[in-house]
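# Pasting a predicted model and its sequence here:
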Amino acid sequence: MTTATRDIEDVAKQVAADLRAGALTLGQVVGLTDAEVAAVTELAEGYRRRGKLQRAASVYGLLLSYTPYNAGGWERLADLQARLGNHPAAVACYEIVALLRDADRTLLEREARCLRLMGERELAAELLSPGNQG
């Protein structure tokens, strides 16, 4: 093995470790610009506006694999999943939003609605209890 090959392997191992540790995002590794992220977001929103919800959700899923700390993207994906009837996925996405930023009452209500539709009335009520607000 050449020195150059070993150097490339070392860099690849370090990048993989940083990705796993959350020190890097895939978007940083591939060098996505803010303009490119905005263009992909607009593509997803175009699908959403035209009622192509599954396509919009797919594009948001791809985008979020590159920009996992994008709370707005997770919220839009959660809303799309809820509209598609995929309530467990929507709840998971709403929870990610709550980890990335403070959950407002509207967000909690949308998550609680999904929980109720899943038959989880107690969890929905607990989510909306005064101790979970803001």
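Received it, and whenever you're ready, just let me know what you need.
# mind checking which helix or strand of this protein has the lowest mean pLDDT?
When the helices and strands of the chain are scored by mean pLDDT, DSSP states H and E, helix 26-30 comes last with a mean of 60.
# Now do Arg50 against Val97, distance only.
Look at Arg50 and Val97: by Cβ to Cβ, to the nearest Å, they are 24 Å apart. Placement of C-beta: from N, CA and C, glycine included.
# ugh, typo on my part, it should be Ala35
Applying Cβ to Cβ, the value for Ala35 to Val97 is 24 Å.
# The two: who's more crowded?
Val97 (23 against 8; other Cβ atoms under 10 Å).
# what's the helix or strand for that one?
helix 87-100 (DSSP states H and E).
# got any ranges where this structure has weak pLDDT?
Applying pLDDT under 70 to the chain flags residues 1, 4-8, 10-32, 133-134.
# in it, which spans are helices?
Using DSSP state H, the helices of the chain run over 3-21, 26-30, 34-49, 53-66, 71-83, 87-100, 105-117, 121-127.
# Quick check: which of the ones you listed is buried the most?
helix 71-83 (a mean of 21; mean count of other Cβ atoms under 10 Å).
# could you check the angle helix 53-66 makes with the helix holding Val97?
Angle of helix 87-100 versus helix 53-66, following axes from the mean of the first three to the mean of the last three Cα atoms, to 10 degrees, is 40 degrees.
# what's helix 87-100 packed up against?
helix 71-83, helix 105-117 (3 or more Cβ pairs under 8 Å, 6 or more residues apart in numbering; DSSP states H and E).
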